[in-house]
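J.: predicted coordinates and the sequence they were generated for:
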Amino acid sequence: MAENRKTDNTTQESPVGNRWVGRNGIIILGVYLVILSVVLVLGIIQLWPPPPEASDTSQADAGAAFIFWTLSISAEAHMILLVTLASALGTQAHAIRSLYWYVGNRRLIFSWIMKYILMPFGGIALGLAFYFVIRGGFFAAGTDVLDLSPYGFMAMAFLVGMFSEQAVARLKRVAEAFFARAEVGRDSSPPAQTNSSNNG
């Protein structure tokens, strides 16, 4: 009897968020994703560094325009901010593709809404993690960020954000090469193996 009760508890699903998202909810979520994507693109355009011949260290430290603000940041912080925006934009590409798939197939339920809202922040964390690993692992400590092309870091950050689940798996394998593998928790479950075309 105890075993049956335990099995029932582990297989029972929460009723929270199991309702279908209505028309208004779909419109609001779609507008949110589009507006956030536009803001990220505009931010990248504003923060993009000038050509090397037109810039020097004093200009890089003078300030950076971002939307409605002028930030007094170093060249290194400038690059980190660009990586942050590119990571978030990558997650937006994934989120928009996922949204139109679920809406088109009439399978969008409220339990997915939180993921769409929080995806950019998860992408930012992953993008920064990869940036610090590459920046610290493949470049000397004294390397001037002004000598580095932003294209490579931006492309890496965008792809990490767009393929965040694969990026987490890669980071996990790297971590397991240096640290002891953590024990699997009682409530741990591996990600579902789904087709990439309909993966939310």
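T.: Sure, I can see it. Numbers count the residues shown, from 1 in each chain.
J.: pretty sure L128 contacts S87?
T.: Yes: if you go by CB atoms under 8 Å, L128 and S87 touch, sitting 7.1 Å apart. Quick note: C-beta positions are derived from backbone N, CA and C, even for glycine.
J.: what about G22, how many residues close to it?
T.: Residues near G22, counting by other CB atoms under 10 Å, number 11.
J.: who's in contact with the most centrally placed residue in the chain?
T.: Nearest to the mean C-alpha position of the chain, counting by CA atoms, centre = their mean, stands G123 at 1.2 Å. Shown in contact with G123 (CB atoms under 8 Å, 6 or more residues apart in numbering): S87, A88, G90, T91, V160, G161, S164.
J.: make JSON lines from those residues and add distance to S14 and pLDDT to it.
T.: Formatted as JSON lines, the contacts of G123 follow (distance: CB to CB, whole Å; pLDDT from 0 to 100):
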{"residue": "S87", "distance to S14": "30", "pLDDT": "96"}
{"residue": "A88", "distance to S14": "29", "pLDDT": "96"}
{"residue": "G90", "distance to S14": "30", "pLDDT": "95"}
{"residue": "T91", "distance to S14": "25", "pLDDT": "95"}
{"residue": "V160", "distance to S14": "30", "pLDDT": "92"}
{"residue": "G161", "distance to S14": "28", "pLDDT": "91"}
{"residue": "S164", "distance to S14": "24", "pLDDT": "83"}
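J.: out of those, which is most surrounded?
T.: S87 (33 neighbours).
J.: name the element that one belongs to?
T.: In this structure, S87 sits in helix 75-104 according to DSSP states H and E.
J.: what's the closest of the contacts of G123 to M114?
T.: Comparing the contacts of G123 against M114 with CB to CB places T91 closest, at 13.8 Å.
J.: how close does the residue nearest to the centre of the chain get to V34?
T.: 17 Å (CB to CB, to the nearest Å).
J.: likewise G136?
T.: Taking CB to CB, one finds G136 at 35 Å from V34.
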